[in-house]
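# structure here, sequence nowhere to be found:
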């Protein structure tokens with residue numbers, strides 16, 4: 001019988017980029033819902049980065065909520081490092097991965113905003129697309145064969161409205177659009193095997209990085225985020241809803257706004273609010 005408080009009991013999840021932000025929020029929600037969570041990222045211990053958040057802090061908070069998280073240090077810019085994560089998980093869990101959340105994103109220390117593409121620093125394109133797009137593809141390639149063999153699994157890509165609207169700069173928008181298209185096309189290949197692939201869009205997030213350095217984004221946007229931004233766990237609750245949905249295959253290949261999933265599945269943000277859904281165009 002399904003435990004409504006822990007609907008994912010016995011399932012195994014891998015969440016990439018779970019040191020902070022949406023990745024951490026998703027890991028917390030999945031762990032609280034009963035899934036065994038493997039959390040990846042570059043920062044294992046608190047204080048090892050200039051930014052707040054670490055894998056161990058994510059794991060400790062999941063433990064406080066009665067869940068279990070196994071942190072794994074991974075450089076998602078290195079294909080071999082990503083592959084080692086999945087080799088370990090498959091070895092430890094008898095090839096069972098039920099949920100993969102592709103979330104990792106390598107934001108620069110200061111995101112260029114409205115800077116013409118010909119004036120951007122040389123490495124921005126490679127950095128954003130290698131970690132924020134290619135790494136998703138490599139992780140999915142590692143997880144998919146076992147999911148296909150079991151005829152069971154869910155791949156969630158996190159993205160944003162930057163996929164369809166000019167946001168920050170050209171490489172950022174291309175990365176987000178690629179993530180959306182990849183989820184749609186993966187769903188096509190996975191459908192015959194009862195494995196789902198979706199993309200979700202949270203709204204603006206009150207992330208740890210933003211709260212520490214709100215001037216990383218333009219002042220009007222910073223004001224809007226402070227007044228009505230979502231917690232990272234709001235997206236996490238959406239992923240739990242998707243993973244527990246017996247009709248998930250009907251949602252495969254589609255874009256899902258976190259705020260719309262909240263209405264459908266009946267959850268709120270951690271402060272009890274129901275944030276407004278962002279525009280799809």
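Yep, that arrived. The shown structure was predicted, so the numbers you read here are calculated from the model rather than taken from an experiment. Numbers count the residues shown, from 1 in each chain.

# in the stretch 101-250 of the chain, which spans are strands?
Remark: strands assigned in the stretch 101-250 of the chain by DSSP state E, counting those that start in this stretch are 153-158, 195-201.

# go through these and name the closest to residue 178.
Nearest to residue 178 among those is strand 153-158; the distance by Cβ to Cβ comes to 9.7 Å. For every residue, glycine as well, the C-beta is placed using N, CA and C.

# neighbouring strands for the closest one, and are they parallel or not?
strand 99-102 (parallel), strand 195-201 (parallel) (DSSP bridges).

# could you redo the strands of the stretch 101-250 of the chain as CSV and give each row distance to residue 118, mean pLDDT and mean neighbour count?
CSV is the format used below for the strands of the stretch 101-250 of the chain (distance: least, Cβ to Cβ, whole Å; pLDDT from 0 to 100; neighbours: other Cβ atoms under 10 Å):
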stretch, distance to residue 118, mean pLDDT, mean neighbour count
strand 153-158, 29, 98, 26
strand 195-201, 29, 98, 25
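
# got those strands as a markdown table, with distance to residue 4 columns?
Output for these, formatted as a markdown table (distance: least, Cβ to Cβ, whole Å):
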| stretch | distance to residue 4 |
| --- | --- |
| strand 153-158 | 19 |
| strand 195-201 | 22 |
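
# I'd like to know which of those is closest to residue 11.
strand 153-158 (9.4 Å).

# pull the residues that contact that closest one.
22-23, 26, 97-103, 136, 140, 143-144, 146-147, 179-180, 182-183, 186, 190, 195-202, 235, 239, 242-243, 248 (Cβ atoms under 8 Å, 6 or more residues apart in numbering).

# of those residues, buried ones?
22-23, 26, 97-103, 136, 140, 143-144, 146-147, 179-180, 182-183, 186, 190, 195-202, 235, 239, 242-243, 248 (16 or more other Cβ atoms under 10 Å).

# from residue 184, how far out is residue 280?
Counting by Cβ to Cβ, to the nearest Å, the gap from residue 280 to residue 184 is 14 Å.

# in the lengthiest helix in the chain, what's buried?
When the chain is parsed with DSSP state H, its longest helix is helix 170-190. For helix 170-190, the neighbour count (16+ other Cβ under 10 Å) marks 170-176, 178-180, 182-184, 186-187, 190 as buried.
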